[in-house]
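# What follows is a predicted structure for the sequence shown.
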Amino acid sequence: MFLEVSGIAKSFDGRPVLQDINFQLQHHKTLSVLGKSGCGKSTLLKIIAGLEQKDKGSILLNEKEISALPANERTIVYLFQEALLFPHLSIAGNLAFGLKVRKCSKAEISEKVDAILTQLELQSHANKMPHQLSGGQKQRVAFGRALILNPPLILLDEPFSSLDVETRTSMQELYKRIADEYKITALFVTHDLKEALIMGDEISYMEKGILKLYDSQEAFINDARTGVKQEIDFWNRL
Amino acid sequence: MKNRNHHILKIVLAILCIVPPCILLLMSFFEVWPFPQLLPDRFNAKAWGYIFQPENRVSTSIFTSLIIALSVACISALLGFFTSMVVAYHKYKKGLLLLTYLPFVLSPVIFAVCLKYYFIKMGLIGTLYGVILAQLIIAYPYATIVFTGFWNNRMLDFQKLALTLGATPGYIFSKLLVPMALPMMLVVFFQCFLISWFEYGLTLIIGFGKVETLTLKVFQYLGEANIFYAALSSSLLILPPIILLWINKKFIYNKTI
C-alpha cells in the first residue's frame, strides 16, 4: 500500500478529535473523506501533512514512517480551502515557488511553469497578480502550484467549497482529468455528498473523529448515516 | 448630483490641506505686520537669510531632527516587526499586547518626567541617544501594535502552505513574510518618522535643551512671538511629511492597491 495510516488519535484540551483512525490507500487513487464541519477531517489531513502533531499512531508513506519528519521534508502538499496565492508574486511566480525552493534551474522552472499554465488553460494570466483572477482561476493556480512539484501525495481540504456551483463543477472535472493524467494519489476532504461521490475512487465517512471506509459506492449509499438515502428520497418526493 | 457633491467635497478638502502650508510659506517672506494694516508688510527673503545663519542653528536642528526621526523610524519598524511576530503567536498574547499600550496611558510630557530620573542615572539626559531612546519608548510599541494585525490566521496558513511546498522556516521568512510585510513596514516607517519628527514633550525634557530639533525651534520662535520665523520653520517642519506623502502615493499606495 502507498499510504498506511494506523491508530491515529488526537485530542485538543482533553477532547478527542480523532479516535483510532486506520486506513490504507493505493497508488494513483483518490480517497474521499466526507464529514460534517468539525468532525476532524482537516485535523487528519494536517497530521498527515505534518502541520499538526498526533497523540499516537503511525503514518507510512511508501512503506516509510514519516511521522518524525517535519512538514517541509514530507513532500506532501496540502491544499487549503482558500487558494492562498502569495499576494506579492505573479501567477507564474506562485507556480514556480516550490521549484525555487528545490533550487531547480531557471530553464527547468520556465519549462515546467509554461507546461502547467497550458495544462490549466492559464497561459494569458502568467504575469497577472493574484488579485486580478477570479475565485476559480485562483484555485486552478493553487492546484497547479502543487501539481508542478509532482508530489507523491496531495491533501485537498475542501478546495472547491468557496466556489459557485458552475465553477465548482468545472473544477471537479478538471481535477478528475488531471488526476488521471498525472496519476495523482490524494485524500479529498469535503462536506458535499455529491462531490465525495464524484471525486473519490474510494470513499469514507467521518463522524465524531471516527473514520469508516466503504468497500463500494453501494455500501456507502446504503449506510443511513451518510445521508445519501435522504437525498435520494428528497429528489423522488419532488 | 452625487458625483458633483463628491467633486466639491474633494476640492474643499484639497483647499483645507493646501491653503495652510501656503499661508505659512507666504508669511515667511514678510518682515512686519503693523497695526492696523490688513496684510503684512515688506515682502522679502530676509527671514530665510537670517534663519540659516550659523548662529541661529536652524540647519543644525534640521539635521538633528532628521537623524533622530530616521533612527527612531528604522529601529521601530524593524523591532516592531519581530516583536509583533513573537507577541502574535505567544500563549500570553493578550497580556503582552496590553503591555504595549502602557506608554500611551500617560501623556508624553508626564511620561518623560517619570523617565527623567532613569535617564539622568544612565547619563543619557541631554544626549542624542537619550532622545532617540525616549522616542523609541513611544514609537516602538506603536509599531508593534500596528504589526500585530499582520500576523493573523491567514498569515499562519500561508506559512503552513509554504512548509508543505518544501520551504524551510528561514526561506519562508525571507521570501514570503518579509516581502508580504514590506508595504506595512513602509507605512510603519513613515508613521514612526512623523511621530518622532513632531515629538515635542519627550524631546524637550530628555533633550534638556541640549538636543534641539526643528519642532523645538518652531515652539521657541512661537514663544518669542516672532510669527515670521515661526512660519518659516513651520514650513520647513512640514516639508518632510509632504515628501513622505508624495513617496507613499507615488511608489507604495499605487503598488499595493
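That came through fine. Residues are numbered from 1 along each chain as shown, chains lettered A, B, ... in the order given.

# rest of the way, CA atoms for contacts and neighbours
Will do.

# Could you look up the SS state of the closest residue to chain A within chain B?
For chain B, the residue closest to chain A is B:G166, as judged by Cα to the nearest Cα, at 4.1 Å. With DSSP: H, G, I helix; E, B strand; the rest coil as the basis, B:G166 sits in coil.

# who touches A:S162 in this structure?
Applying Cα atoms under 8 Å, 6 or more residues apart in numbering or on different chains to A:S162 gives the contacts A:81-82.

# How many residues are close by A:R237?
Here the number of neighbours of A:R237 (other Cα atoms under 10 Å in any protein chain shown) works out to 6.

# Read off the pLDDT value for it.
If you check A:R237, the pLDDT there is 84.

# Compute the distance between it and chain B, please.
43 Å (Cα to the nearest Cα, to the nearest Å).

# What of A:G135?
17 Å.

# if we can go back for a sec, excluding its backbone neighbours, what's nearest the residue of chain B closest to chain A?
Of all residues not flanking B:G166 in the chain, A:N72 sits nearest, at 4.1 Å (Cα to Cα, 6 or more residues apart in numbering or on different chains).

# Confirm that that neighbour sits in a helix.
Yes. Counting by three-state DSSP, A:N72 is found in a helix.

# and B:A73, what is it in contact with?
Going by Cα under 8 Å, 6+ apart, B:A73 touches B:139, B:188-193, B:196.

# export the residues you listed to CSV and tack on distance to B:L66, neighbour count and secondary structure?
Listed next are the contacts of B:A73 as CSV, based on distance: Cα to Cα, whole Å; neighbours: other Cα atoms under 10 Å in any protein chain shown; DSSP: H, G, I helix; E, B strand; the rest coil:
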residue, distance to B:L66, neighbour count, secondary structure
B:A139, 15, 28, helix
B:V188, 17, 26, helix
B:F189, 13, 23, helix
B:F190, 13, 22, helix
B:Q191, 14, 19, helix
B:C192, 12, 27, helix
B:F193, 9, 27, helix
B:S196, 9, 29, helix
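
# doesn't B:C114 fall inside a strand?
No. According to three-state DSSP, B:C114 belongs to no strand; its state is helix.

# Check what pLDDT it gets.
pLDDT at B:C114 comes out at 87.

# hmm, back to that, report the two of the contacts of B:A73 separated the most.
B:V188 and B:S196 (12.1 Å; Cα to Cα).

# ok so, going back, closest one of the contacts of B:A73 to A:Q119?
B:V188 (41.9 Å).

# Closest residue of chain A to chain B?
For chain A, Cα to the nearest Cα, closest residue to chain B: A:N72, 4.1 Å.

# That residue touches B:L163, doesn't it?
Yes. A:N72 lies in contact with B:L163 (Cα atoms under 8 Å); the separation is 4.7 Å.

# Please name the bridge partners of the one residue sitting closest to the centre of chain A.
In chain A, the residue lying closest to the centroid (Cα atoms, centre = their mean) is A:L156, at 1.4 Å. When assigned by DSSP bridges, A:L156 has beta-bridge partners A:L79, A:F188.

# Identify the residues contacting it.
So A:L156 contacts A:78-81, A:186-189 (Cα under 8 Å, 6+ apart).

# Point out the residues in chain B that sit beside chain A.
With Cα under 8 Å from any Cα of the partner chain as the criterion, chain B comes near chain A at residues B:157-158, B:160-161, B:163-168, B:171, B:176, B:179-180.

# is it true that B:Q135 touches B:L70?
No. Contact criterion Cα under 8 Å: B:Q135 and B:L70 do not qualify, at 11.5 Å.

# Between those two, point out the one with more neighbours.
Neighbour count, other Cα under 10 Å: between B:Q135 and B:L70, B:Q135 has more, with 29 against 20.

# picking up where we left off before, burial check on the residue nearest to B:G166, number of neighbours?
A:N72: 21 neighbours (other Cα under 10 Å).

# returning to that earlier point: name all residues that make contact with the residue of chain A closest to chain B.
A:N72 sits next to B:163-168 when contact means Cα under 8 Å, 6+ apart.
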